[in-house]
Structures are given as structure tokens and as C-alpha cells.
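In: Give me a model of this one.
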Amino acid sequence: MPTDQLDIRPAHAVHGTLEVPGDKSVSHRYVMLGAIARGVTTATHLAPGADVASTVACLRALGAPIELAALQTLRVQGLGRRGLTPARTMLDAGNSGTTLRLLAGLLAGHPFRSTLTGDASLRRRPMRRVIDPLTAMGARITSDDGRAPLQIDGGNLAGTAWISPVASAQVKSAILLAGLHAHGTTSVREPLATRDHTERAFRAFGLPVSTDGLTAAVTGGHEATAPAEVLRIPGDPSSAAVWAAAAAALPGSEVRIDRVCLNPHRLGFARALERMGAVVDLETDDEVAGEPVGSIRVVHGDHRSTTIGASEVPSLIDELPVLAARAALGGSLEVTGASELRVKESDRITALVAGLRALGVDARELIDGFQINGGDGRRRPAGGSADAAGDHRLVMAFALVALGASGPSVITGAGVVAVSYPDFAADLHRLVR
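Out: Numbering: from 1, shown residues only. The predicted structure is shown next:
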């Protein structure tokens with residue numbers, strides 16, 4: 001079988017207990033903060049995919065001594081607040097928007113020139129949302145009409161009170177990282193609450209950050225300190241959501257995901273699955289560097305219909321494809337207010353609907369979302385061949401639909417799942433019954 005193709009046969013159910021890869025969002029931030037901290041940062045269960053590898057490669061190019069050992073163990077010898085040095089070549093973020101946007105914020109505060117680029121997909125994604133606030137703080141940034149490559153001449157930043165027009169944790173994080181190296185206070189206010197991994201990571205590295213409703217703020221001049229303890233990065237909720245949705249969709253299923261991040265800003269998918277008929281139990285049993293960690297247990301219950309609107313989207317933006325897949329196997333789902341999906345690794349609305357239709361699903365594209373009708377769950381999608389469109393989230397969503405189809409399915413372009421979940425196919429085959 002070609003490595004870029006995933007063949008899936010229908011399954012009766014999914015059963016089992018597993019752990020998923022380390023959280024990408026947390027991993028990116030620990031690498032970056034570790035590089036500018038005093039002392040040595042050690043973390044285990046680092047996200048294994050290509051996105052975090054891009055962040056590691058970029059920070060190494062900027063002079064940070066970073067070691068990766070067995071079992072996804074990370075060791076960063078921090079360079080201190082202004083210890084990064086100019087890279088000899090362009091910094092390649094690969095397919096990772098988090099790498100490019102957060103590094104833009106970090107490098108905006110350093111007094112040298114850097115150039116950030118990425119693959120063809122990333123170079124199509126909008127970067128004006130970080131260029132504008134960083135420019136307002138004093139960085140000089142040139143771009144390709146608001147897209148990468150970004151040439152950044154940093155240093156001598158002044159704090160700002162930025163009101164963000166988009167609800168984006170990446171934008172917020174870029175501004176806060178720049179604010180660490182700015183004079184005075186930097187604040188960012190969002191239209192809706194987004195992930196707060198940066199704020200929690202700042203505190204874990206001894207950096208004061210304040211939050212007031214939808215506003216987060218830092219004052220420049222503080223230096224990060226590497227945590228004394230070894231940090232075990234919790235499992236990625238977005239990866240866990242795939243198995244949770246599969247258990248919710250297939251009758252007779254039960255799955256438990258252990259040691260997963262239970263940050264409340266990442267659990268919108270669990271609430272949505274409950275509305276769609278699943279039994280969902282969340283149990284917090286630990287806290288690591290301010291992040292709650294525990295288990296998610298999901299049991300199939302019923303097929304129900306629900307809607308997701310703009311106010312809920314930030315808490316489940318990455319999980320919308322697998323929620324669509326869940327609805328494809330019973331019930332219905334209408335999503336609106338999610339136009340941000342169009343500027344992800346793919347146009348995630350068009351590509352999602354096209355792939356679902358190719359598998360026999362009743363799916364319709366909306367300007368800012370989609371409608372999925374899975375009926376009463378008794379009539380399964382036929383299966384077929386779906387193109388992942390270079391998007392790791394779509395590989396996982398189409399795989400879920402394929403499990404519940406009446407015939408075999410093929411997902412082309414499936415190798416891109418390694419961006420976030422290299423062992424996805426192995427875990428898939430281990431859970432199916």
C-alpha cells in the first residue's frame with residue numbers, strides 16, 4: 001500500500017484505552033520559552049509531528065542548544081532574554097502556522113533581521129493579523145502582500161493596547177511574546193475567548209501575565225526562568241477528539257483517552273458530542289505547569305442533532321472536521337461563524353464537504369460553515385475515495401467516516417497526518433472491532 005494512502009474497512013465499533021501524542025500548542029510554547037529562559041528546560045512527551053519539529057529547527061537556527069532524546073524528551077539550554085542570534089538562512093516553518101506567527105512575535109523584539117517562510121500552503125495563509133500589531137509596536141516587517149515570507153527587522157518595541165479583530169490564540173500569543181521585549185505594557189483584547197496556553201506557560205516560566213475577561217497583558221523587561229521540574233506535556237485534545245467522536249458515532253463503542261490536556265478552552269468538542277447523544281466523562285487527576293490533565297471517557301449513546309455558532313467556534317475550531325464526521329454517521333450538524341476554517345492548512349470547509357460527499361455523506365457547504373445530515377444512523381455512507389487536500393485534520397475526519405461506512409474507503413494524501421499524529425493509523429487499527 002502506498003504510504004500516502006490509507007485503506008479502511010468498515011468497523012462494528014471502537015473499544016480501548018490509549019494515550020495520544022503530546023499537545024502541539026503546549027509543545028510549541030515550551031520550546032520557544034525554553035530558548036529564551038535562564039536555565040535548562042526539560043519536557044517529556046513532546047508532540048512528535050512535523051509542526052513542532054519546525055519550531056525546534058527554527059530555534060536551533062537562532063542559536064538555541066536543543067536536544068531531543070528517546071520518548072520525545074526535550075532539553076533546551078536557555079539563552080536568556082536577548083540571547084537569540086541571527087539565523088544564517090531563512091527560517092522555515094514548514095506547514096506550521098503556529099511556528100510562523102509565534103516566532104514573528106518573538107523575533108519582533110530582537111534587534112536583528114530574520115526572514116520567516118513556510119511551505120506552499122503556509123505561504124497562502126493570512127499574516128496581516130500579526131504584521132499589523134507587531135508593526136504598531138515598532139517592528140519593521142515586509143511581506144508578500146500580507147503573506148509569508150516575512151522579513152522582520154526587530155528591536156526597540158513599545159507596548160501597545162491592541163484590539164484584535166479576530167479571535168486567534170496565535171495572534172494573541174505573538175503579541176504577548178513581542179510584549180516581553182517591549183518597553184511598557186502590552187495588552188491584547190480579543191472578540192471571543194481563545195486558548196490560554198501561552199498565559200499558562202508564561203506563569204510556568206515565571207513570567208507575570210495578567211488577564212481580565214477577554215484581555216491579556218504583559219509588561220516588558222521580565223526574563224523567563226526554566227521550570228525546576230521536568231514537564232510532561234499532556235496529550236493533545238484535538239487528537240483525542242478523533243477517538244471520542246468515533247466512540248460517539250459507532251453503536252456499542254467505548255473509548256478512554258488517558259493523560260490528556262483538559263484545558264477548559266479545548267473542551268468544546270466534548271460538550272458538542274454530549275449534545276449529539278454521547279456519554280462523556282471528564283476526570284481531572286493532575287496539573288502540570290498550570291494545565292489540567294486527566295482522562296476522557298466516551299460511550300455511544302444516541303444520534304441527535306445540534307448546531308454550533310460563532311461564539312462556540314474558538315473552543316473547537318480544530319475539532320470541527322471530526323464533529324462533522326460524527327454527524328455524518330447519525331443525527332445532523334450545522335456550523336456557522338467558522339469562516340476561519342477557510343484559511344487553515346486547506347480551505348477546510350470546501351475540502352471537508354467535498355471529501356464527505358465523496359464518501360457518500362449528505363453534506364452542504366455554507367459561506368462560513370457547513371451542514372451535515374447523517375439521518376437516523378441506520379443508513380451508512382457508502383464509502384469511496386476521499387482526498388485529504390494536504391490537511392492532517394481531514395485525514396482523521398475521513399477515517400472516522402470510513403469506519404462507519406457500508407463499504408471500504410480510501411483516503412488519498414493521508415501521509416500528511418504525520419504533521420500531528422504519526423502513529424494515527426496504528427492506533428486506528430488497534431481500536432477497531
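
In: Now the terminal residues of stretch 44-52, how far apart.
Out: Using CA to CA, to the nearest Å, the end-to-end distance of stretch 44-52 comes out at 13 Å.

In: quick check: mean pLDDT across that stretch?
Out: On average, the pLDDT along stretch 44-52 is 95.

In: residues making contact with that stretch?
Out: 21-24, 26-28, 30-31, 68, 71-74, 94-96, 98-99, 230-236, 392, 418-423 (CB atoms under 8 Å, 6 or more residues apart in numbering). Using the backbone N, CA and C atoms, a C-beta is placed for each residue, glycine as well.

In: helix or strand for the residue nearest to A272 when sequence neighbours are not counted, which one?
Out: Leaving aside its sequence neighbours, A272 sits nearest to L323 (CB to CB, 6 or more residues apart in numbering; 5.6 Å). In the assignment (DSSP states H and E), L323 maps to helix 320-328.

In: Confirm T307 sits in a strand?
Out: Yes: T307: assigned to a strand according to DSSP: H, G, I helix; E, B strand; the rest coil.

In: And the pLDDT for it?
Out: 98.

In: beta partners for the residue nearest to it when sequence neighbours are not counted?
Out: Nearest non-adjacent residue to T307, counting by CB to CB, 6+ apart: E334, 4.7 Å away. Following DSSP bridges, E334 is listed with bridge partners T307, Q371.

In: I'd assumed G369 was in contact with E334.
Out: Yes: taking CB atoms under 8 Å as the definition, E334 is a contact partner of G369 at 7.0 Å.

In: Quickly list what's touching both of these two.
Out: Contacts common to E334 and G369, judged by CB under 8 Å, 6+ apart, are I308.

In: If you count surrounding residues, which of these two has more?
Out: G369 (24 against 17; other CB atoms under 10 Å).

In: Apart from its neighbours in sequence, what residue is nearest the more buried one?
Out: Nearest non-adjacent residue to G369 (CB to CB, 6+ apart): V335, at 3.7 Å.

In: Look at T3 and report its pLDDT.
Out: Looking at T3, the pLDDT reads 64.

In: How many residues are close by the spatially closest residue to S96 that is not a sequence neighbour?
Out: Once flanking residues are discounted, S96 sits nearest to D51: 3.9 Å by CB to CB, 6+ apart. Residues near D51, counting by other CB under 10 Å, number 24.

In: Give me the phi and psi for D51.
Out: phi -60, psi -50 (degrees, to the nearest 10).

In: What distance do you get for it to S346?
Out: Using CB to CB, to the nearest Å, D51 is found at 15 Å from S346.

In: Quick check: closest non-adjacent residue to D368.
Out: S339 (4.1 Å).

In: can you list the domain ranges for this structure.
Out: If you go by automatic domain parsing, the domain ranges for the chain are 5-22+234-431, 24-215+224-231.

In: Low-confidence ranges, the chain, go.
Out: 1-3 (pLDDT under 70).

In: Now do the helices in the stretch 101-250 of the chain.
Out: Ranges of helices in the stretch 101-250 of the chain, per DSSP state H, counting those that start in this stretch, are 128-136, 169-179, 197-204, 237-249.

In: ok, back up a step: could you pull up the residues touching the residue nearest to A272?
Out: 241, 245, 269, 272-273, 276, 308, 316, 333, 335.

In: change it to 7 Å
Out: The neighbours of L323, taking CB atoms under 7 Å, 6 or more residues apart in numbering as the test, are 245, 269, 272, 316, 333.
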